[in-house]
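**Q** Need a 3D model of the sequence below.
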Amino acid sequence: MTKTYEVTARRWAQGWELHVAGVGVTQCQPLADADRMARDYLATELGGEPEDYTVDVRPDLGGIEVEAAAVRQRMLDAQAAVDRAADDMRQVVRKLRGDGLSVRDTATILEVSPGRVSQLANDHPKTRKAVPRVKVPRQVA
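**A** Here you go, the predicted model:
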């Protein structure tokens with residue numbers, strides 16, 4: 001199993017300092033480059049190829065990163081709830097239509113348009129994907 005190196009990204013005037021636990025410090029400009037730069041740094045310092053290394057980059061934003069992770073998780077949870085509700089709506093539409101209710105009556109019961117009922121009746125549920133979880137920021141000393 002490959003060791004994962006913890007990388008703490010700290011903002012500075014020209015970009016981000018990347019503190020690679022137990023190895024040293026490098027830098028990058030946009031945070032989006034942190035993963036690649038940290039792996040390049042590890043390959044330079046320890047040998048091998050950048051692809052040989054796994055890193056876990058977490059920004060240190062003075063506590064705001066905890067709020068950001070929490071709000072991202074709430075958004076993911078809300079989207080998962082919307083997806084479940086849409087699947088449930090499709091099932092109810094199929095049951096009502098299967099019981100002989102008209103598209104118009106089904107629409108009235110569900111408080112949606114007749115067009116939406118037709119769309120739901122002919123739509124197949126999406127393959128459920130696992131709901132991604134947001135990385136919880138680690139405490140930075």
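**Q** what residue ranges in the chain score low on pLDDT?
**A** Scanning the chain with the threshold set as pLDDT under 70 gives 1, 125-141.
**Q** got the buried residues for the strand of greatest length in the chain?
**A** Counting residues, the longest strand found in the chain (DSSP state E) is strand 4-12. Within strand 4-12, the residues that count as buried by 16 or more other CB atoms under 10 Å are 5, 7-9. Heads up, the C-betas are built off the backbone N, CA and C, glycines and all.
**Q** Next, format these as TSV and append distance to L110.
**A** Listed next are the buried residues of strand 4-12 as TSV, based on distance: CB to CB, whole Å:
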residue	distance to L110
Y5	52
V7	49
T8	50
A9	47
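**Q** between those, which is nearest C28?
**A** A9 (8.0 Å; CB to CB).
**Q** and the closest one, what does it touch?
**A** 16-19, 31, 34, 57-60 (CB atoms under 8 Å, 6 or more residues apart in numbering).
**Q** what ranges do the strands span in the protein?
**A** Using DSSP E, strands in the chain cover 4-12, 15-20, 24-28, 54-60.
**Q** got the contact list for the residue sitting furthest away from the middle of the chain?
**A** Ranked by distance from the centre of the chain (CA atoms, centre = their mean), the top residue is G100, with 41.1 Å. If you count contacts by CB under 8 Å, 6+ apart, G100 has none.
**Q** Go through the protein and flag its longest helix.
**A** Longest helix in the chain, counting residues (DSSP state H): helix 64-98.
**Q** which residue sits closest to A43 in space, ignoring its chain neighbours?
**A** P50 (4.6 Å; CB to CB, 6 or more residues apart in numbering).
**Q** nope, R104 is what I meant
**A** Closest to R104 by CB to CB, 6+ apart is P114, at 5.4 Å.
**Q** Please tell me I have it right and that neighbour contacts R97.
**A** No - the pair P114 / R97 is not scored as a contact, 11.6 Å apart, by CB atoms under 8 Å.
**Q** where's D83 relative to A69, distance?
**A** Using CB to CB, to the nearest Å, D83 is found at 21 Å from A69.
**Q** cool, and E6?
**A** Relative to A69, and taking CB to CB, E6 is found at 16 Å.
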